[in-house]
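Undergrad: 3D model of this:
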Amino acid sequence: MTPDQIRLVQDSFHEVLPIRVAAAALFYERLFAIDSDLRALFLASDMPKQGAKLMASLGFVVRGLDHANTVLPTVRELAKRHVTYGVKEHHYPIVGQALIDTLAASHGTAFTPAVREAWEAAYALLASVMIAAAREDQLAA
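TA: So this is what the prediction gives:
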C-alpha cells in the first residue's frame with residue numbers, strides 16, 4: 001500500500017466510527033446476503049457484540065497500516081482463531097466484498113474510486129496475511 005492509500009483508508013475509517021454500530025449491522029446483513037451459509041458460523045453469537053468486535057479489530061488494523069509490522073502478529077493470531085470458528089479460505093473474498101459494499105453504502109459519494117482502491121488494497125493485504133497464517137496453522141496441526 002502506498003502512503004496515500006493508507007491515509008485514505010485511515011481517514012475514511014474515521015468517518016465510519018460515529019456510525020460503527022449501524023455499519024457493523026450493515027456489514028453482517030450484506031455478508032449474509034452474499035452467502036447465507038455464513039450465517040451458520042454466527043448462530044451462537046451475540047451479533048451486537050460481534051459487530052463491536054469487528055469494528056474494534058478493523059480499527060486496530062486500520063490504525064496500524066502505517067506500521068504494519070507491529071499489527072501483523074495480532075492479525076496472524078486472529079486468523080488462527082478464525083480457523084477454529086470454521087472460517088475457510090474461500091470466505092475471505094466474500095468478507096471483502098461485504099466490507100467494500102458496507103463502506104460504499106456508508107460513505108456515499110465520498111467513497112471515490114481512489115478510496116475504494118485503497119480499501120481493496122488494505123483488505124487484500126489483511127486477507128493475504130490471514131490466509132497465510134491459517135495455512136501455516138493447518139499444516140502444523
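Undergrad: how many neighbours does Lys49 have?
TA: 9 (other Cβ atoms under 10 Å). (Each C-beta comes from the backbone N, C-alpha and C, glycine too.)
Undergrad: Quickly find the element holding the residue positioned nearest the centre of the chain.
TA: The chain has Leu58 as the residue nearest its centroid, 5.7 Å off, counting by Cα atoms, centre = their mean. In this structure, Leu58 sits in helix 47-63 according to DSSP states H and E.
Undergrad: Can you give me the buried ones in that helix?
TA: Buried residues in helix 47-63, counting neighbours by 16 or more other Cβ atoms under 10 Å, are found at Gly51, Leu54, Met55, Leu58, Gly59, Val61, Val62.
Undergrad: swap in stretch 22-29?
TA: Neighbour-count burial for stretch 22-29, with 16+ other Cβ under 10 Å as criterion, is recorded at Ala23, Ala24, Leu26, Phe27, Tyr28.
Undergrad: Can you classify the residue nearest to Val62 when sequence neighbours are not counted by secondary structure?
TA: Nearest residue to Val62 in three dimensions, chain neighbours excluded: Phe13, at 4.5 Å (Cβ to Cβ, 6 or more residues apart in numbering). Secondary structure assignment for Phe13 (DSSP: H, G, I helix; E, B strand; the rest coil): helix.
Undergrad: neighbours around Phe13, how many?
TA: By other Cβ under 10 Å, 21 other residues sit near Phe13.
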